[in-house]
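Trainee: structure for this input, please:
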Amino acid sequence: MRVALTERFQRDVRALSTIQRGAVFEVMLSLPGVLGDPHRHAGAGIRKLHRSGIWEARLGLGLRLVFALEPGTLSLARVGTHHEIRRYLKDV
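Mentor: Sure thing, here's the model as predicted:
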């Protein structure tokens, strides 16, 4: 599976602390293997957010990683707090 990073995602990650960047990196590495197995992705805090195919993964208590699943591609769109992600979804 190909992983694509949007410009907005890259800006979001640059604004994070070193510890938060590490959490993002861990989730990025685990997502392709976890997505096909419902038991594993439930434990990783993955859930569908929008009918257009937008999903989120929890990165601890404060951060969320938003991604889209496209045929053969996992597109990472945003990283932010719960409130930032809710605002993002209003524009989708």
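
Trainee: measure how buried the residue nearest to residue 52 when sequence neighbours are not counted is and give me the count.
Mentor: Spatially, and ignoring its direct neighbours in sequence, residue 52 is nearest to residue 92 (6.3 Å; C-beta to C-beta, 6 or more residues apart in numbering). Every residue, glycine included, has its C-beta placed from N, CA and C. As a burial measure, residue 92 scores 12 neighbours (other C-beta atoms under 10 Å).

Trainee: I'd like the distance between residue 92 and residue 17.
Mentor: 27 Å (C-beta to C-beta, to the nearest Å).

Trainee: same thing with residue 79?
Mentor: 12 Å.

Trainee: between those two, which is the more surrounded one?
Mentor: residue 79 (27 against 8).

Trainee: got the phi and psi for that one?
Mentor: For residue 79, the backbone dihedrals (degrees, to the nearest 10) come out as phi -130, psi 130.

Trainee: same question, the one 10 residues further on
Mentor: Comment: the main-chain dihedrals of residue 89 come out as phi -70, psi -30, following degrees, to the nearest 10.

Trainee: pLDDT of stretch 53-61, averaged?
Mentor: Averaged across stretch 53-61, pLDDT comes to 87.

Trainee: which residues sit against that stretch?
Mentor: The contact list for stretch 53-61 (C-beta atoms under 8 Å, 6 or more residues apart in numbering) reads 20, 23-24, 27, 31, 44-49, 64-70, 77, 79, 85, 89, 92.

Trainee: just the buried ones from those residues, in ChimeraX syntax?
Mentor: To isolate the buried members of the contacts of stretch 53-61 in ChimeraX, using 16 or more other C-beta atoms under 10 Å:
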select :20,23,24,27,31,44,46,49,64,65,66,67,68,77,79,85
